[in-house]
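*Asks:* can't give you the sequence, but here's the structure:
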């Protein structure tokens, strides 16, 4: 049985958000405006995607679905870049982030659709689009964190990296510890949520399915599938980011070379 | 043999420079700050992009893997950096005799890096560098943080290393007295040229 929500139901929840905004305004906590804008955005964006999905589900045209998927990957790639403290150079940065999302989400979703879900046709948008969206949304966070940590730490530890190069270490060895730290930063959120799942938190997708009337055990199976896909996707995505960026951090003579990667004036040469 | 030949080295406003350093020789480079002394050393260690050729015993810099080159042509920068917690982790095996020669009278391998003075870091930095048995030492104002006594220890230690290992050194310093003590060939870098 599916209990549908009326506008009245939603406005009940909206009143809570408005009350929070008022309280924050009263106490001069300064999040009211951002909160209202975000609430408005979420409403409009989700309404729109609801409409898009409705028409998408009606047509099962492969080309149309692929197009939507590419747009989703590109937007997520852009989102990763905008979360970086140090701005990466234009097309390279975009290539690195979308490339890693392609590995982490696109390919994994494809694999899952073809081998596990077996819908008819395999690219049925009811499965393909939500799966891809869930993977993008979750792996994006890990990749953005890992990438930020790698670039930021490498930047702060320039003298240490150069010291290690001076001692005759290869570029690979000189950056190894930093890479390890970045991998950890990227993977910790998903590892934590896998460890806490079911005990501390009930994951959103599973909760949604149960609310929509699915048997809990079926919902749980889907959730496990998603968790495994997200964790492996995040891992592969972060690894490809680390690989691409550490390649880019050094030139062919194993010199530390940030100007290939970042939008900066090259001041290493004074 | 250990002969370092520099041919038409050129970067930014410096060069082209050509000179040779023979085994057991110590060449000093002085010059005002900002003249590019450090950058010469960085180019010789292949840490910065540059034109021209640097040849060690008939082998050109660009023919060897960069990290292998830097093991042979080793640069000690004015400040040394450490990344593990203790001294010992940065070494394969600390030579006790060398430690004593540089003024350390006990086992330092368990010392915390955070508690080292800048002078201690500098002397240990030299020891760490010498573990690679470099054939060329590039020293960038290496004694700037040392007191008189340790400065003398440092200088004698380097000169003895050059003698024993038939290595050579390029010593950047603004201290003319020091240059007179250690160098058998002296250059001044002015307007991008060596005099």
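*Replies:* All right, it came through fine. Since this is a predicted model, take the numbers as computed values, not measurements. Numbers count the residues shown, from 1 in each chain, chains lettered A, B, ... in the order given.
*Asks:* every contact and neighbour count from this point should use C-alpha atoms.
*Replies:* OK.
*Asks:* just the pLDDT at the closest residue to residue B:47 other than its chain neighbours, thanks.
*Replies:* Leaving aside its sequence neighbours, residue B:47 sits nearest to residue A:255 (C-alpha to C-alpha, 6 or more residues apart in numbering or on different chains; 5.5 Å). With respect to pLDDT, residue A:255 has a value of 92.
*Asks:* tell me how many other residues crowd residue A:255.
*Replies:* Residues lying near residue A:255 (other C-alpha atoms under 10 Å in any protein chain shown) number 21.
*Asks:* my guess is it contacts residue B:48, does it?
*Replies:* Yes. The criterion here is C-alpha atoms under 8 Å, and residue A:255 meets it with residue B:48 at 6.8 Å.
*Asks:* which single residue in the stretch 151-270 of chain A comes nearest to chain B?
*Replies:* residue A:168 (4.5 Å; C-alpha to the nearest C-alpha).
*Asks:* show me what contacts that residue?
*Replies:* Contact partners of residue A:168, counting by C-alpha atoms under 8 Å, 6 or more residues apart in numbering or on different chains, are B:66-71, B:74.
*Asks:* and chain A, which of those residues contact it?
*Replies:* Restricting those to those near chain A by C-alpha under 8 Å from any C-alpha of the partner chain leaves B:66-71, B:74.
*Asks:* pull the most distant pair out of those.
*Replies:* B:66 and B:74 (11.4 Å; C-alpha to C-alpha).
*Asks:* give me the more crowded residue out of the two.
*Replies:* Using other C-alpha under 10 Å, the more surrounded residue of residue B:66 and residue B:74 is residue B:74, with 29 against 23.
*Asks:* can you give me the helices for the stretch 51-200 of chain A?
*Replies:* In the stretch 51-200 of chain A, the helices defined using DSSP state H, counting those that start in this stretch lie at A:62-82, A:90-101, A:108-112, A:125-156, A:158-166, A:171-196.
*Asks:* what of chain B?
*Replies:* Using DSSP state H, the helices found in chain B span residues B:37-44, B:66-72, B:96-101, B:118-130, B:148-165, B:176-182.
*Asks:* would you turn those into CSV with distance to residue A:202 and mean pLDDT?
*Replies:* Formatted as CSV, the helices of chain B follow (distance: least, C-alpha to C-alpha, whole Å; pLDDT from 0 to 100):
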stretch, distance to residue A:202, mean pLDDT
helix B:37-44, 56, 94
helix B:66-72, 51, 95
helix B:96-101, 60, 88
helix B:118-130, 53, 93
helix B:148-165, 64, 93
helix B:176-182, 71, 93
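*Asks:* out of those helices, which is closest to residue A:240?
*Replies:* helix B:66-72 (24.5 Å).
*Asks:* outside of the closest one, which residues touch it?
*Replies:* Helix B:66-72 is touched from outside by A:165-171, A:253-254, B:45-46, B:61, B:132-136, with contacts defined as C-alpha under 8 Å, 6+ apart.
*Asks:* which residues of chain B lie near chain A?
*Replies:* Counting by C-alpha under 8 Å from any C-alpha, chain B sits next to chain A at B:39, B:45-48, B:65-71, B:74-76, B:80-83, B:129, B:132.
*Asks:* buried subset of those residues?
*Replies:* Taking 16 or more other C-alpha atoms under 10 Å in any protein chain shown as the criterion, what is buried in the residues of chain B next to chain A is B:39, B:45-48, B:66-71, B:74-76, B:80-82, B:129, B:132.
*Asks:* low-confidence ranges in chain A?
*Replies:* The model of chain A has pLDDT under 70 over residues A:1-2, A:264-270.
*Asks:* residues contacting the residue nearest the centre of it?
*Replies:* The centroid of chain A falls nearest to residue A:140 when counting by C-alpha atoms, centre = their mean (1.2 Å). Neighbouring residues of residue A:140 by C-alpha under 8 Å, 6+ apart: A:76-77, A:80, A:101, A:234.
*Asks:* buried residues in stretch A:78-91?
*Replies:* Neighbour-count burial for stretch A:78-91 flags A:78-81, A:84, A:86-89 (criterion: 16+ other C-alpha under 10 Å).
*Asks:* next one: stretch B:109-129
*Replies:* B:113, B:119-129.
*Asks:* give me the pLDDT for residue B:140.
*Replies:* The per-residue pLDDT reported for residue B:140 equals 95.
*Asks:* show me what contacts it?
*Replies:* With contact set as C-alpha under 8 Å, 6+ apart, residue B:140 has these partners: B:38, B:41, B:75-78, B:171-173.
*Asks:* what is the most widely separated pair among the residues you listed?
*Replies:* Greatest spatial distance in these: B:75 and B:173, 14.0 Å, computed using C-alpha to C-alpha.
*Asks:* circling back to that earlier point, from the buried residues of stretch B:109-129, pick the one nearest chain A.
*Replies:* residue B:129 (6.1 Å).
*Asks:* if I read this right, that closest one contacts residue A:164, doesn't it?
*Replies:* No. Residue B:129 sits out of contact with residue A:164 when judged by C-alpha under 8 Å, with a separation of 10.2 Å.
*Asks:* about what we covered before: mind putting the contacts of residue A:140 into a markdown table with distance to residue A:211?
*Replies:* Formatted as a markdown table, the contacts of residue A:140 follow (distance: C-alpha to C-alpha, whole Å):
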| residue | distance to residue A:211 |
| --- | --- |
| A:76 | 28 |
| A:77 | 32 |
| A:80 | 31 |
| A:101 | 30 |
| A:234 | 28 |
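*Asks:* JSON lines please, covering those residues and showing distance to chain B.
*Replies:* Below are the contacts of residue A:140 laid out as JSON lines (distance: C-alpha to the nearest C-alpha, whole Å):
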{"residue": "A:76", "distance to chain B": "35"}
{"residue": "A:77", "distance to chain B": "32"}
{"residue": "A:80", "distance to chain B": "30"}
{"residue": "A:101", "distance to chain B": "32"}
{"residue": "A:234", "distance to chain B": "28"}
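*Asks:* of these, buried ones?
*Replies:* By neighbour count, with 16+ other C-alpha under 10 Å, those hold A:76-77, A:80, A:101, A:234 as buried.
*Asks:* mind checking pLDDT for residue B:1?
*Replies:* pLDDT recorded at residue B:1 is 65.
*Asks:* looks like residue A:81 contacts residue A:90 (just checking).
*Replies:* No. Contact status for residue A:81 versus residue A:90: not in contact, 9.5 Å apart, counting by C-alpha under 8 Å.
*Asks:* now do the same contact list for residue A:58.
*Replies:* No contacts exist for residue A:58 under C-alpha under 8 Å, 6+ apart.
*Asks:* what angle do the longest helix anywhere in chain A and helix A:90-101 make?
*Replies:* Under DSSP H, the helix in chain A containing the largest number of residues is helix A:216-249. Put simply, helix A:216-249 runs at 150 degrees to helix A:90-101, going by axes from the mean of the first three to the mean of the last three C-alpha atoms, to 10 degrees.
*Asks:* what comes up buried for helix A:216-249?
*Replies:* A:219-220, A:223, A:226-227, A:229-242, A:244-246, A:248-249.
*Asks:* what's the neighbour count on the residue of the stretch 1-150 of chain A found nearest chain B?
*Replies:* Proximity of the stretch 1-150 of chain A to chain B (C-alpha to the nearest C-alpha) peaks at residue A:150, 16.1 Å away. Residues near residue A:150, counting by other C-alpha under 10 Å, number 23.
*Asks:* try residue A:213
*Replies:* So residue A:213, with other C-alpha under 10 Å, has 13 neighbours.
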